[in-house]
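In: Need a 3D model of the sequence below.
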Amino acid sequence: MSKHAYIFPGQGSQFSGMGKNLYEINESAKEMFENANDILGFRISDIMFSGSVEDLKQTNVTQPAVFLHSVILYKTITDVKPDMVAGHSLGEFSALVANEGLRFEDALKLVFVRANAMQKACEINPSAMAAILGLEDNKVESICASIRNEVVVAANYNCPGQIVISGSNKGIEEACVLMKQAGAKRALILSVGGAFHSSLMEPAKDELSTAIEAINFKSPVCPVYQNVVAKAVTDPDEIKRNLIQQLTNPVRWTQTINNMIMDSANHFTEVGPGKVLQGLIQKINKEMQVDGIN
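Out: Numbering: from 1, shown residues only. From the prediction side, this is the model:
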């Protein structure tokens, strides 16, 4: 039996004006935005609707902003119950609201703790990420492993031929040179706050772990395919553990989508800003039906 999967984007898909029309035309969306402003203690809606690109780029703004856009869209536009869900990095929290594993308010609090903890980790360890296009996964991994005395790891397996690496500034610069020499079409340093999904995020783990343990996770109505394990998870304790591990482990997006397809998904709907995940799924398997709500 074919299944309908809902997928949720992560950091990098934000844009100025996101959610503004929702706020203006939908009363329950407006209530959710105002509730979020109260929970966060500042008017994130104002930054989302009219902030500059720079304002939106701060990790502690970007993450709650993308989460809010996705979840409020999902809650107000759809009345479909998904058969399965997944989210790219931060998007995993949106996915857990969609499958009712987490309350909206609790998930927003966790996203804000996570964003602030990651921002602090970036300040402790100035670091970077780079997109590597056109190399096999194992080639990227072996180049990362060859760099001595610096942290450099594969952080996001986005689709075949597209991996994001993460690490120290020096390590990433060195890796980009070696990737190009090995035949990469591009090795592009990204404008992100730091080395997400690497051991350099270790300082953020304790804070997130404490926050997650204080929140009540419920049994979800459908499985979430989590980044760390790339397979279906329904046990609340396992979901918690994987969310904490996600900070320092890679996002296995290619493997996640392939496993969802193996488990009968044939229709993927991206909910939130941008169309990045739709593009990735078409590169992973062009037979899939793909659309978006944004």
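
In: only C-alpha atoms for contact and neighbour calcs from this point on.
Out: Fine.

In: For stretch 35-43, output the C-alpha coordinates as PDB.
Out: Extracted C-alpha coordinates of stretch 35-43, given in PDB (Å, rounded to 0.1, in the frame of the first residue of the first chain):
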ATOM      1  CA  ASN A  35       1.700  32.400  21.500                       C
ATOM      2  CA  ALA A  36       5.200  31.800  20.100                       C
ATOM      3  CA  ASN A  37       6.200  35.500  20.700                       C
ATOM      4  CA  ASP A  38       5.100  35.100  24.400                       C
ATOM      5  CA  ILE A  39       7.000  31.800  24.800                       C
ATOM      6  CA  LEU A  40      10.200  33.200  23.300                       C
ATOM      7  CA  GLY A  41      10.000  36.500  25.100                       C
ATOM      8  CA  PHE A  42      10.500  38.600  21.900                       C
ATOM      9  CA  ARG A  43       8.500  39.200  18.800                       C
END
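
In: Break down this protein into its helices, ranges please.
Out: Applying DSSP state H to the chain gives helices spanning 20-25, 27-40, 44-50, 53-57, 59-77, 91-98, 104-124, 137-146, 169-181, 202-213, 236-246, 253-262, 276-284.

In: Now do the shortest one: distance to the chain's middle.
Out: On the basis of CA atoms, centre = their mean, to the nearest Å, helix 53-57 is displaced by 17 Å from the centre of the chain it belongs to.

In: so what secondary structure elements neighbour that helix?
Out: Contact analysis of helix 53-57 by 3 or more CA pairs under 8 Å, 6 or more residues apart in numbering; DSSP states H and E lists helix 44-50 as its packing neighbours.

In: deepest of the helices of the chain, which one?
Out: Scoring the helices of the chain by mean neighbour count under mean count of other CA atoms under 10 Å gives helix 91-98 as the most buried, with a mean of 27.

In: Enumerate every residue touching Ser168.
Out: 125-128, 150-152, 195, 200 (CA atoms under 8 Å, 6 or more residues apart in numbering).

In: In this structure Val224 contacts Pro236, no?
Out: No - under the criterion of CA atoms under 8 Å, Val224 is not in contact with Pro236, lying 10.5 Å apart.

In: Who does Cys159 form a beta bridge with?
Out: Per DSSP bridges, the residues bridged to Cys159 are Gln162.

In: how does the protein divide into domains?
Out: Domain assignment of the chain by automatic domain parsing yields the ranges 3-123+199-293, 126-189.

In: Make CSV from those domains and add mean pLDDT to it.
Out: What follows is the domains of the chain, written out as CSV (pLDDT from 0 to 100):
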stretch, mean pLDDT
domain 3-123+199-293, 95
domain 126-189, 97
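
In: State the distance from the nearest residue to Asn258 once chain neighbours are set aside to Asp46.
Out: Excluding its sequence neighbours, the residue lying closest to Asn258 (CA to CA, 6 or more residues apart in numbering) is Ile284, at 7.6 Å. To Asp46, Ile284 is 37 Å away according to CA to CA, to the nearest Å.

In: returning to what we had before: what's the closest of the helices of the chain to Ser219?
Out: Relative to Ser219, the nearest member of the helices of the chain by CA to CA is helix 236-246, separated by 5.9 Å.

In: helices or strands next to that closest one in the packing?
Out: Helices and strands touching helix 236-246, by 3+ CA pairs under 8 Å, 6+ apart, are helix 202-213.

In: if I pick the most centrally placed residue in the chain, what's in contact with it?
Out: The centroid of the chain falls nearest to Ser89 when counting by CA atoms, centre = their mean (2.5 Å). When contacts are counted by CA under 8 Å, 6+ apart, Ser89 is found next to 9-11, 227, 246, 251.

In: from those, which is closest to Tyr23?
Out: Distance to Tyr23 across the contacts of Ser89 (CA to CA) is lowest for Pro9, with 20.0 Å.

In: Report the contact partners of the closest one.
Out: Pro9 is in contact with 66, 70, 87-91, 270-274, 276-277, counting by CA under 8 Å, 6+ apart.

In: Reformat those residues into a markdown table and put distance to Leu108 next to each item.
Out: Shown next, in a markdown table, are these (distance: CA to CA, whole Å):
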| residue | distance to Leu108 |
| --- | --- |
| Val66 | 11 |
| Ser70 | 12 |
| Gly87 | 15 |
| His88 | 16 |
| Ser89 | 15 |
| Leu90 | 11 |
| Gly91 | 12 |
| Glu270 | 19 |
| Val271 | 17 |
| Gly272 | 15 |
| Pro273 | 17 |
| Gly274 | 20 |
| Val276 | 22 |
| Leu277 | 22 |
